[in-house]
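K.L.:
Need coordinates for the below:
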Amino acid sequence: MSNTWTYREDVYTTLGDKSLDGYDVEATDGSIGTIDEHTASPDAGYLLVDTGFWIFGKKRVLPAGVISQINHDEQKVFVNMTKEQVKSAPDYDDTQRNDQDDWYRESNRDYYDPYVW
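P.N.:
Next up is the predicted model:
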């Protein structure tokens, strides 16, 4: 399994035991939304990002491997993707959440792998 859904060691250390819920998410070219939920699981980490109106309120699941930095003072998480790359990411449907989360991760790994550091 690649490190797509795994936090980089320096990012995981910065995360600590703090919640990222409500933090702003910054792409390489600007703000993309806020974190609705996240998981700190070292091998299955993700951010559930509410993109607001700029892509019609869709949510995107971003794997932990795309996180380049966490700034707790500014309550921001920086990702190694552009706004367009996030916009083009696979849709996420809350109604489909269940035991199939492993399937979601595996089926979307190819899209996210190029953005993992």
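K.L.:
secondary structure class for the residue nearest the centre of the chain?
P.N.:
Nearest to the geometric centre of the chain sits L62, at 2.5 Å (CA atoms, centre = their mean). L62 carries the three-state label strand when classified by DSSP: H, G, I helix; E, B strand; the rest coil.
K.L.:
Same question for E26.
P.N.:
Taking three-state DSSP, the label given to E26 is strand.
K.L.:
could you point out the longest strand in the chain?
P.N.:
Ranked by residue count under DSSP state E, the longest strand found in the chain is strand 30-39.
K.L.:
How about the contacts made by the residue lying closest to G45 once chain neighbours are set aside?
P.N.:
Excluding the flanking residues, the one nearest G45 by CB to CB, 6 or more residues apart in numbering is A64, at 3.0 Å. For every residue, glycine as well, the C-beta is placed using N, CA and C. With contact taken as CB atoms under 8 Å, 6 or more residues apart in numbering, A64 is in contact with 5-8, 11-12, 45-47.
K.L.:
what lines up beside the longest strand of the chain in the sheet?
P.N.:
strand 24-27 (antiparallel), strand 46-50 (antiparallel) (DSSP bridges).
K.L.:
For the ones you listed, give me CSV that also has mean neighbour count.
P.N.:
Conversion of the strands paired with strand 30-39 to CSV gives the following (neighbours: other CB atoms under 10 Å):
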stretch, mean neighbour count
strand 24-27, 20
strand 46-50, 22
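K.L.:
Quick one, which of the ones you listed gets closest to E37.
P.N.:
The closest of the strands paired with strand 30-39 to E37 is strand 46-50. By CB to CB, the value is 4.4 Å.
K.L.:
No more questions from me, cheers.
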